[in-house]
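Student: what follows is a predicted structure for the sequence shown.
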Amino acid sequence: MVVFVAPGTGSVAFVAGRRVGGAVLRNRARRILRAAWRELAPRVVGGIDIVLVARAAIRGARANELMAEVEQVLLRAEVISG
């Protein structure tokens with residue numbers, strides 16, 4: 001997973017390209033990213049735009065593993081408070 005952060009209005013976007021797989025796999029990846037975001041959104045620093053990009057390695061991963069990874073990536077990007 002890749003995270004892009006820029007100053008902005010506080011928007012968030014979820015992207016899963018064709019390399020992730022077919023439509024079902026791409027939709028599943030975006031759904032899991034959105035679920036992780038809903039859990040972490042209250043901890044996010046305001047005034048930034050975030051794009052979460054799913055990569056091919058997301059295939060076959062379990063939802064709880066991905067939620068933990070999203071949290072780690074956002075912590076590393078200093079977007080959420082620990």
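Tutor: Sure thing, it's come through.
Student: skip ahead from the longest helix along the chain and say which helix or strand is next.
Tutor: Identified as the longest helix of the chain according to DSSP state H is helix 23-40. With elements assigned by DSSP states H and E, the helix or strand that comes after helix 23-40 is strand 48-54.
Student: quick one: distance of the least confident helix or strand in the chain by mean pLDDT to the chain centre.
Tutor: Here the helix or strand of the chain ranked lowest by mean pLDDT, DSSP states H and E is helix 63-76, holding a mean of 87. Centre-to-centre, helix 63-76 and its host chain are 8 Å apart (Cα atoms, centre = their mean, to the nearest Å).
Student: quick one, that helix and strand 48-54 angle?
Tutor: Between helix 63-76 and strand 48-54, the angle formed by their directions is 140 degrees, by axes from the mean of the first three to the mean of the last three Cα atoms, to 10 degrees.
Student: ok, and what's touching helix 63-76?
Tutor: With contact meaning Cβ atoms under 8 Å, 6 or more residues apart in numbering, helix 63-76 is reached by 1, 3, 32-33, 35-37, 39-40, 44, 50, 52, 58, 61, 80, 82. Backbone N, C-alpha and C define where each C-beta goes, glycine included.
Student: counting by contacts, list what the longest helix of the chain packs against.
Tutor: Helices and strands touching helix 23-40, by 3 or more Cβ pairs under 8 Å, 6 or more residues apart in numbering; DSSP states H and E, are strand 12-16, strand 48-54, helix 63-76.
Student: measure Ala41 to Glu65 for me?
Tutor: 20 Å (Cβ to Cβ, to the nearest Å).
Student: same deal with Asn27?
Tutor: Taking Cβ to Cβ as the measure, Asn27 falls 18 Å from Glu65.
Student: what's the burial count for Ala16?
Tutor: Per other Cβ atoms under 10 Å, the neighbour tally for Ala16 reads 24.
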